[in-house]
Structure formats: structure tokens, C-alpha cells
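Peer 1: Task: produce atomic coordinates for the following.
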Amino acid sequence: MDFVWISIQKLVLPEKKLREKDEAIDELAETVKRLGILQPIIVRQKDDKYEVIAGERRVKAAIMAGHSEVPAIVRNFSNSTAELVRLIENVQREDLSDYEIAKALKALLDSGAYKSISELAYFLGKSEKWVDRHLALLKGVPGVPEELARALTERHFRTIKSAPEEVRQKLAEYAERALEEKGELPSIRELESLAEALGRTEEERAGTFFACGICGATFKLIHVSGEKHKIEKAV
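Peer 2: Numbering: from 1, shown residues only. Coordinates of the predicted model:
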């Protein structure tokens, strides 16, 4: 598809931000500085300017790299289609966390442009289950702090949510510890193994050890009293 070169001064960035933070923008700016923008952004005309529909990060990187114009494809999108295209591009590029995707999905549904989850899923090219599972991140669940929910993938969230209420907090603590130690979540298998162990009888589970594949540390279930257990780092 043909593209045109548009002055950065004529571009308008979207008011709604899909990404809560962007820690890799400096790396993208360095790439743009060396190689330029490899793929045109998508815009729509807005009075005498152009609203960026897809490619906001490329525009920011171009500004940081000292560029004065960017390649762009001009499309005539409605508001609802523009928001959908913006979300699809970010999902395909894996630029958004599952929590950020969930917020964008909710915004599209709240806009009234899509009558149902089924209709939205159809236009996204995703299943209703995929949409439902992401939206569940916004509903929260007892034992899972909101800050942790923001960092979880929908699969991690689903694994923790499906556990018995008394086990959820232990799984959440384990996930938080892995994030603190290495900045990454434990594997789904680790969470499932821990949930299974916590579901055993008191005699079976007390003193059980778990190795965290992400942080490399070993943790131990410690019996406190009654049905209460805590997770401690093994020496």
C-alpha cells in the first residue's frame, strides 16, 4: 500500500493511552536512529492534522531520534474502527500486557460500538473465551492485590483464581516473590504444583520444597498453626 511522508508537527497522538508504561522506547529510538522507521504508521486526517491510529511508539522514537517526518498510510476510519485497529496492532505486536489489553477491551465495549463480547471478538479475530479471560483481570479476586493483577498474564491470573480461596493468597505471595527476585513471573506449572501441594493434607504438605525456575531459589512450606502455612526461602 502506498504511503506518504508526513511532518511530525502535523501528527496528533491519541488521547487514550493503551500502554501504562513503556520501558523499551529508548531501544526503539536507537533502532530508528540507525535504520529509520521500517514500517509506516497508520493515520487518519483530522482537520489540518493527522491523528495517529497505529504507530504511536514509532512516532515517539522518531522524535527522540531527531527525525522531522515519518512514513504514514492515511485511512478514513470511524472512531470505533480506529480504536479497534489500535488495539489489534498492539496485540499482534505483543506491545501490551494482558491487563492493558483488558482495559482496552473494556473501553471498546463501554463505547457502545460493539453490542456484545461475541461481536467484539469477531472483529478482533479472537474467541469469546479470549476476551472473557482478559476482562476477568479487571474484576479482581480476593487474595490477589491489584498491583499484582496488573503484572499477571491472564493464564497466571486464571491459575490463581481457580485455586481454593485459602490457597490464593499463598500463590499470590509466591508470584510476588518471583517478581521481586528476578522481575519475572513463575511458570504456570510452578503455580499449579504449589496449589496442588497446598491442597494436600497437613502431614503431606508440611515441609514440602519448591524450586523457582525463574529466580533459582528454593522455597519451603512452613506449618504455622491449624490450616495456616507460610512460604519461606530455604537456606
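Peer 1: how's the protein carved up into domains?
Peer 2: Structural domains assigned to the chain are 1-78, 163-233, following automatic domain parsing.
Peer 1: Tell me which of those sits nearest to residue 147.
Peer 2: domain 163-233 (8.8 Å; CB to CB). In this view, the C-beta of every residue, glycine as well, is placed from N, C-alpha and C.
Peer 1: Quick one: mean pLDDT over that closest one.
Peer 2: On average, the pLDDT along domain 163-233 is 69.
Peer 1: Look at the residue positioned nearest the centre of the chain and report its pLDDT.
Peer 2: The chain has residue 97 as the residue nearest its centroid, 1.0 Å off, counting by CA atoms, centre = their mean. We have a pLDDT of 85 for residue 97.
Peer 1: do the same with residue 73
Peer 2: So residue 73 comes in at 92 (pLDDT).
Peer 1: Over to it. Which of the three states is it?
Peer 2: Look at residue 73: counting by DSSP: H, G, I helix; E, B strand; the rest coil, its state is strand.
Peer 1: I'd guessed it sits against residue 3; true?
Peer 2: Yes. Using CB atoms under 8 Å, residue 73 is in contact with residue 3, at 5.0 Å.
Peer 1: Could you tell me which residues touch both of those two?
Peer 2: Taking CB atoms under 8 Å, 6 or more residues apart in numbering as the criterion, residue 73 and residue 3 both touch residue 40.
Peer 1: related to what we said a few turns ago, may I see the domains of the chain arranged in TSV, with distance to residue 117 as well?
Peer 2: TSV is the format used below for the domains of the chain (distance: least, CB to CB, whole Å):
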stretch	distance to residue 117
domain 1-78	19
domain 163-233	24
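Peer 1: need the helices for the chain, in chain order.
Peer 2: 25-35, 56-64, 79-93, 98-110, 117-124, 128-139, 146-151, 154-161, 165-182, 188-198, 202-205 (DSSP state H).
Peer 1: sorry, back to before: out of the domains of the chain, which is closest to residue 131?
Peer 2: Nearest of the domains of the chain (CB to CB): domain 1-78, 15.8 Å.
Peer 1: For burial, what's the neighbour tally of residue 102?
Peer 2: Using other CB atoms under 10 Å, residue 102 is surrounded by 23 other residues.
Peer 1: so who does it touch?
Peer 2: Contacts for residue 102 (CB under 8 Å, 6+ apart) come out as 134, 135, 136, 137, 138, 154.
Peer 1: Quick one: end-to-end distance for stretch 8-25.
Peer 2: 17 Å (CA to CA, to the nearest Å).
Peer 1: show me the contacts for residue 63.
Peer 2: So, once contact is read as CB under 8 Å, 6+ apart, residue 63 ends up touching residue 8.
Peer 1: and it, how far is that from residue 144?
Peer 2: In this view, residue 63 and residue 144 are 38 Å apart by CB to CB, to the nearest Å.
Peer 1: list the contacts for the nearest residue to residue 31 once chain neighbours are set aside?
Peer 2: On the basis of CB to CB, 6 or more residues apart in numbering, the spatially nearest residue to residue 31 that is not a chain neighbour turns out to be residue 61, at 7.4 Å. Counting by CB under 8 Å, 6+ apart, residue 61 makes contact with 25, 28, 29, 31, 32, 37.
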